[in-house]
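> need a structure here:
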Amino acid sequence: MRFDVLAAKLSSARVAIASAEADLEVAIGEIRTAPRSEKIRISDSLEAAFDELRRAKTELARIESVIAEEMA
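Numbering: from 1, shown residues only. Model (predicted):
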């Protein structure tokens, strides 16, 4: 696969991840104000999902950096 095509796909993935992060931020904020009995089990799942999105975003940034070095 050509680097420019791969870079475009990675860029698109980063946008999707950023959007998902924003959605999770909102959901976590709503959970923080929910009654304790409702938020404990959901909050843990959302926090884990948010952490995974951040790891994926970091990995995408690393891959984009490698691609940029190869294209230079």
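> per-residue confidence for the spatially most central residue of the chain?
Closest residue to the average C-alpha location of the chain: residue 53 at 3.0 Å, with CA atoms, centre = their mean. With respect to pLDDT, residue 53 scores 87.
> again with residue 40
We have a pLDDT of 68 for residue 40.
> counting by contacts, list what the host helix or strand of the residue nearest to the centre of the chain packs against.
Here residue 53 is covered by helix 36-71, with elements defined by DSSP states H and E. Helix 36-71 is packed against helix 3-32, with contacts defined by 3 or more CB pairs under 8 Å, 6 or more residues apart in numbering; DSSP states H and E. C-beta: built from backbone N, CA, C; applies to glycine.
> now for residue 30, how many residues are close by?
12 (other CB atoms under 10 Å).
> can you check the one 3 residues further on too?
Residue neighbour count, defined by other CB under 10 Å, stands at 7 for residue 33.
> picking that back up, can you state the direction angle for the helix holding residue 53 and helix 3-32?
Inter-element angle recorded for helix 36-71 and helix 3-32: 160 degrees (by axes from the mean of the first three to the mean of the last three CA atoms, to 10 degrees).
> same question for helix 36-71: list its buried residues.
39, 43, 46, 49-50, 53, 56-57, 60, 64 (16 or more other CB atoms under 10 Å).
> ok, stretch 18-32 next?
20-21, 24, 28, 31.
> now tell me what touches it from outside.
Residues outside stretch 18-32 that contact it (CB atoms under 8 Å, 6 or more residues apart in numbering) are 38-39, 42-43, 46-47, 49-50, 53-54, 57.
> excluding chain neighbours, what is closest to residue 14?
Computed as CB to CB, 6 or more residues apart in numbering, the closest residue to residue 14 that is not its neighbour in sequence is residue 60, at 5.2 Å.
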